[in-house]
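# have a look at this fold, sequence not included:
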């Protein structure tokens, strides 16, 4: 039992040492990156350091398996160099039994990472997004490809395709957004451009919107109207967007091609069921 505690303590100290080394390296690299990214925002050192510390938990969480592997390698190299493994085998302990304590410590570290570090990463990522947006003058923190982010919503009688140049972390706040509404009979029925759109309960709230209506007697531009704010009913929910948000990251330039399937009549296209472009 004393030997197991010794190995467990050695592995924990080695793990913390490797973690500290990676932490310092990543703080330095991220601080340089934040300085480059917000050079035009005239951010002070205090702001950049705060952004760096908010971004580090996510980076550490991503490379935690690598840190665990390097800590295990460093531990057993140290034990072999000091002949402690030879003494352990001479005392009648097998190599597998000597690994039991480090394995247990590694398992406990994994449990703590999932139960404690994962919520911390979620909270710090949102705070990082908010502070970064404030330094950029509330600019969006996510811009997906040259064509932006594509979503779709609606029902069987009407579908709306949404394109945004940028979005917040969970996709509920869009910037430089366009709403294209389609109906099965006439195809494109309405286009709305807005500076921003915020998803609320059952509707998008648009700011600085311009609306073009198709199919009337006037040309779309002649009948266009502008509104400071307007609402567009929505079938999307924040949970639905968050679950499928990763699909828009795969190939945003091809996402629009999957938004439609051929309609039964009229030779036009009809939007697929609500969701994100996959």
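Here it is on my side, so go on. Predicted model only: the values in this text are computed from it and were never measured.
# list the contacts of residue 221.
If a contact means C-beta atoms under 8 Å, 6 or more residues apart in numbering, then residue 221 has residue 212 as its contacts. C-beta: built from backbone N, CA, C; applies to glycine.
# in three-state terms, label it for me.
Secondary structure, DSSP: H, G, I helix; E, B strand; the rest coil: residue 221 is coil.
# what does residue 181 give?
Going by three-state DSSP: residue 181 is strand.
# show me what contacts it?
Listed by C-beta under 8 Å, 6+ apart, the contact set of residue 181 reads 154, 158-160, 188-192.
# just the buried members of these?
Buried by 16 or more other C-beta atoms under 10 Å: 154, 159-160, 188-192, out of the contacts of residue 181.
# tell me the domain boundaries of the protein?
Domain ranges of the chain: 2-135, 149-276, per automatic domain parsing.
# before we move on, the earlier item: quick one: which of the contacts of residue 181 sit in strands?
With strands taken from DSSP state E, the overlap with the contacts of residue 181 comprises 154, 159-160, 188-192.
# would you format those as JSON lines with distance to residue 122 included?
As requested, the ones in strands among the contacts of residue 181 are exported to JSON lines (distance: C-beta to C-beta, whole Å):
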{"residue": "154", "distance to residue 122": "30"}
{"residue": "159", "distance to residue 122": "32"}
{"residue": "160", "distance to residue 122": "30"}
{"residue": "188", "distance to residue 122": "39"}
{"residue": "189", "distance to residue 122": "39"}
{"residue": "190", "distance to residue 122": "37"}
{"residue": "191", "distance to residue 122": "36"}
{"residue": "192", "distance to residue 122": "33"}
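# all helices of the stretch 51-200 of the chain, in order?
Listed in chain order, the helices of the stretch 51-200 of the chain (DSSP state H, counting those that start in this stretch) span 64-81, 84-90, 95-98, 100-112, 118-135.
# starting at the chain centroid, how far to the fourth one?
In other words, helix 100-112. 28 Å (C-alpha atoms, centre = their mean, to the nearest Å).
# show me what counts as buried in that helix.
Buried residues in helix 100-112, defined by neighbour count with 16+ other C-beta under 10 Å: 101-102, 105-106, 109.
# what's the most distant pair in those?
Across the buried residues of helix 100-112, no pair lies farther apart than 101 and 109, at 12.8 Å, counting by C-beta to C-beta.
# out of the contacts of residue 181, flag the one nearest to residue 223.
residue 190 (10.7 Å).
# so in terms of bridging, what pairs with that closest one?
Beta-bridge pairing of residue 190 under DSSP bridges involves residue 181, residue 213.
# name the nearest residue to the residue positioned nearest the centre of the chain, sequence neighbours excluded.
The centre of the chain sits closest to residue 169, judged by C-alpha atoms, centre = their mean, with a distance of 5.8 Å. Sequence neighbours aside, residue 129 is the residue nearest to residue 169 in space, at 4.8 Å (criterion: C-beta to C-beta, 6 or more residues apart in numbering).
# with residue 192 instead?
Excluding its sequence neighbours, the residue lying closest to residue 192 (C-beta to C-beta, 6+ apart) is residue 179, at 4.2 Å.
# burial measure for that neighbour, as a count.
By the criterion of other C-beta atoms under 10 Å, residue 179 has 25 neighbours.
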